[in-house]
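> Please find the sequence and the predicted model below.
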Amino acid sequence: MPKRYSTQLIVGGLFVVLLGCLSEAQADIPPPPNRPAPAALLNIEKAKKGLDNVRIKDESKEITDRNLKTIDQMVKHIVYHANQPPFNGEEFPSTMTAPFGTLDRTPKGLYAELKNWTDIPKPKGKYTEGQLEYAEAFGSIAAKECLKIINEGAKPIERINGVRMLAEVANLPYAGTIDSLLPLITDPKYIDQPAITYVALEGIRNVLSHTHPDDPSKNLIRDPKKQTEIFNALLKFQPPVKLSAKPTSEEELKYRVYRRLMFSAMSQFRDPVIRDAKTKEILARPGVVLAAIAIPDPTIPGFKPNIADRVEAIVGLLNMNIDPEENFDLRIYIINRFLIEFGTEYSQDSDQAKVEGRGTIIPWKIASARISAGLTQLSNTADANSKLGAPLKARIKALAADAQSSMLGIIEDPTKKAVINDNTLRDKLKAGASSYELIKGDKSSTLSFPE
């Protein structure tokens with residue numbers, strides 16, 4: 001029987017434990033400045049919302065400087081409240097209006113105020129020039145100031161405020177935030193601050209989730225060397241969980257929570273391999289790693305990826321582009337194998353959950369919907385690829401249709417009361433793959449399958 005776990009419960013309990021790992025420090029953070037005047041914020045808010053063609057970088061240097069000064073003041077007004085009552089856990093007079101006029105006097109009130117400035121709408125599905133300028137200006141200042149809170153906050157809760165705000169800033173379409181986040185999972189000085197590491201992974205995932213404004217099929221971060229730096233940092237990441245010689249179930253669960261978040265961040269890469277812009281040499285292989293997790297490749301060290309890990313990996317694989325040198329039939333084969341095992345685990349877990357009167361090990365309906373959307377995306381990606389042969393295009397389209405009708409649609413809508421039948425998926429699996437090298441001629445992309 002598969003092990004039960006609840007990410008929400010684990011992460012909640014984990015955070016309580018991890019907060020205790022943070023020690024007191026000395027603060028050198030100035031008090032927050034006043035909120036900018038409404039008139040000064042008017043242009044900033046218009047640029048953020050993409051209204052009236054307002055730009056942060058105006059033709060007039062005076063206006064540009066004024067805009068940047070206003071953003072700087074607004075950022076510090078929010079971020080410097082991280083070490084102020086009531087958001088730092090200290091008492092705050094009940095007779096006084098809380099900062100930002102919030103009714104929530106917990107750190108959530110602080111994060112909600114920041115979200116007002118990081119949540120940018122997309123007029124007509126695309127950011128305006130003014131919005132991108134706003135994201136760069138607000139993001140660059142906020143990332144620096146949040147890092148200041150993380151490094152100089154006097155209390156653990158203040159430093160947690162800093163990293164949680166930094167992860168929120170990562171929701172802006174600004175690539176530079178990654179430079180404040182990466183050290184939090186690579187610099188040894190943060191090893192004994194695991195709560196910071198965990199939220200930093202969330203922030204890295206947020207940055208990687210942004211697509212490029214000029215090409216939605218690509219990551220916002222386009223530089224291959226920077227992409228490789230990020231990928232390698234994730235690949236080398238070791239969850240800050242001490243494992244005994246025979247890990248307890250609690251140790252394993254904590255370890256898996258970190259690792260799954262790392263898998264989720266890694267699944268945001270849009271290209272299966274990262275190549276040097278000039279030489280086309282392969283610098284990193286995100287697609288190969290995700291494929292190995294999705295299988296799961298028996299050579300993966302440590303705990304065997306479970307179904308929740310594999311869902312993260314397969315969703316990433318489904319949303320990736322197709323490399324010119326890719327053995328795309330191998331990707332289809334991996335997806336086909338996964339779908340059969342996904343359906344089997346769903347049936348077994350659902351039946352057992354009813355017998356035992358418990359919840360399921362993962363939210364199957366949500367996982368199924370994500371996979372359905374990914375299959376549609378990959379089918380569309382294949383259709384748009386002029387170099388991909390018609391047989392492969394037809395194969396992925398048929399796989400997507402059969403998976404939806406025989407399995408995913410049933411999981412997503414239990415009211416249908418239909419029984420999952422994977423016979424057609426098993427028939428399709430017989431087509432196999434021409435090679436176990438995901439990238440032709442690249443032995444480092446060779447995958448292994450369980451016997």
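Noted; the coordinates are in hand.

> okay, CA-based contacts and neighbour counts for the rest of this
OK.

> which stretches of the stretch 351-451 of the chain form helices?
With helices called from DSSP state H, counting those that start in this stretch, the stretch 351-451 of the chain shows them at 364-384, 390-403, 409-412, 423-429.

> Can you give me the domain assignment for this structure?
22-232, 285-451 (automatic domain parsing).

> Minimum distance to E252: which of those has it?
Among these, domain 285-451 comes nearest to E252, with 8.0 Å by C-alpha to C-alpha.

> gap between the two ends of that closest one?
24 Å (C-alpha to C-alpha, to the nearest Å).

> Not counting stretch 372-385 itself, show me its contacts.
Stretch 372-385 is touched from outside by 315, 318-322, 388, 393, 396-397, 400, 404, 408, with contacts defined as C-alpha atoms under 8 Å, 6 or more residues apart in numbering.

> In JSON lines, list the helices of the stretch 351-451 of the chain along with mean neighbour count and distance to L181.
Below are these laid out as JSON lines (neighbours: other C-alpha atoms under 10 Å; distance: least, C-alpha to C-alpha, whole Å):
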{"stretch": "helix 364-384", "mean neighbour count": "19", "distance to L181": "27"}
{"stretch": "helix 390-403", "mean neighbour count": "18", "distance to L181": "37"}
{"stretch": "helix 409-412", "mean neighbour count": "20", "distance to L181": "36"}
{"stretch": "helix 423-429", "mean neighbour count": "15", "distance to L181": "41"}
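
> Mean pLDDT added to those helices, as JSON lines?
Shown next, in JSON lines, are the helices of the stretch 351-451 of the chain (pLDDT from 0 to 100):
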{"stretch": "helix 364-384", "mean pLDDT": "97"}
{"stretch": "helix 390-403", "mean pLDDT": "97"}
{"stretch": "helix 409-412", "mean pLDDT": "94"}
{"stretch": "helix 423-429", "mean pLDDT": "95"}
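
> Kindly reformat those helices as a markdown table containing distance to E326.
Converted to a markdown table, these look like this (distance: least, C-alpha to C-alpha, whole Å):
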| stretch | distance to E326 |
| --- | --- |
| helix 364-384 | 12 |
| helix 390-403 | 12 |
| helix 409-412 | 30 |
| helix 423-429 | 19 |
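
> Please identify which of those is closest to D119.
helix 364-384 (22.7 Å).

> What is the one helix or strand A200 maps to packed up against?
Using DSSP states H and E, A200 falls within helix 194-208. Under the contact definition 3 or more C-alpha pairs under 8 Å, 6 or more residues apart in numbering; DSSP states H and E, helix 194-208 sits against helix 7-19, helix 156-169, helix 178-181, helix 183-186, helix 249-266.

> Report the inter-axis angle for it versus helix 156-169.
10 degrees (axes from the mean of the first three to the mean of the last three C-alpha atoms, to 10 degrees).

> so how far is the helix or strand following helix 194-208 off the chain centroid?
Downstream of helix 194-208, the next assigned helix or strand under DSSP H and E is strand 211-212. Put simply, strand 211-212 sits 14 Å off its chain's centre (C-alpha atoms, centre = their mean, to the nearest Å).

> residues of stretch 159-176 that come out buried?
Going by neighbour count (16 or more other C-alpha atoms under 10 Å), the buried part of stretch 159-176 is 159-175.

> quick one on the thing from earlier: in JSON lines, list the domains of the chain along with distance to M266.
Output for these, formatted as JSON lines (distance: least, C-alpha to C-alpha, whole Å):
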{"stretch": "domain 22-232", "distance to M266": "7"}
{"stretch": "domain 285-451", "distance to M266": "7"}
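
> F263: which of these is closest?
Taking the domains of the chain one by one with C-alpha to C-alpha, domain 285-451 is closest: 6.4 Å.

> Give me the distance from the closest one to the chain's centre.
19 Å.

> and what of stretch 159-171?
For stretch 159-171, the distance to the chain centre is 14 Å (C-alpha atoms, centre = their mean).

> Now do that stretch: everything it contacts.
In contact with stretch 159-171 (C-alpha under 8 Å, 6+ apart) are residues 79, 82, 107, 111, 114-115, 118-119, 139, 142-143, 146-153, 177-178, 181, 195-196, 199-200, 202-204, 206-207.

> Quick one: the strands in the protein, in order.
211-212, 215-219, 274-275, 282-284 (DSSP state E).

> buried ones in the last one?
Neighbour counts over strand 282-284 (16+ other C-alpha under 10 Å) mark 283-284 as buried.

> Could you do stretch 254-269 as well?
Of the residues in stretch 254-269, 254-269 count as buried by neighbour count, 16+ other C-alpha under 10 Å.

> For that stretch, give me every contacting residue.
7, 10-11, 14, 198, 201-202, 204-206, 208-209, 219, 231, 234, 237-241, 286, 290, 308-309, 312-313, 315-317, 320.

> List buried members of these by neighbour count.
The neighbour count (16+ other C-alpha under 10 Å) marks 7, 11, 14, 198, 201-202, 204-206, 208-209, 219, 231, 234, 239-240, 286, 290, 308-309, 312-313, 315-317, 320 as buried among the contacts of stretch 254-269.

> Low-confidence ranges, this protein, go.
1-27 (pLDDT under 70).

> Setting aside sequence neighbours, what's the nearest residue to the residue nearest the centre of it?
Among the residues of the chain, the one closest to the centroid is R205, at 2.8 Å (C-alpha atoms, centre = their mean). Nearest residue to R205, sequence neighbours excluded (C-alpha to C-alpha, 6 or more residues apart in numbering): A265, at 4.1 Å.

> what does K417 give?
Among residues not flanking K417 along the chain, I410 sits closest, at 7.5 Å (C-alpha to C-alpha, 6+ apart).

> and if you look at K416?
Using C-alpha to C-alpha, 6+ apart, the nearest residue to K416 is I410, at 6.5 Å.

> ok, that neighbour - contacts?
Counted by C-alpha under 8 Å, 6+ apart, I410 has contacts 404, 416-420.

> Next: E252.
Counting by C-alpha under 8 Å, 6+ apart, E252 has contacts 243, 303.

> at 7 Å instead, please
E252 sits next to no residue when contact means C-alpha atoms under 7 Å, 6 or more residues apart in numbering.

> How much space separates it from S244?
From E252 to S244 the distance is 10 Å (C-alpha to C-alpha).
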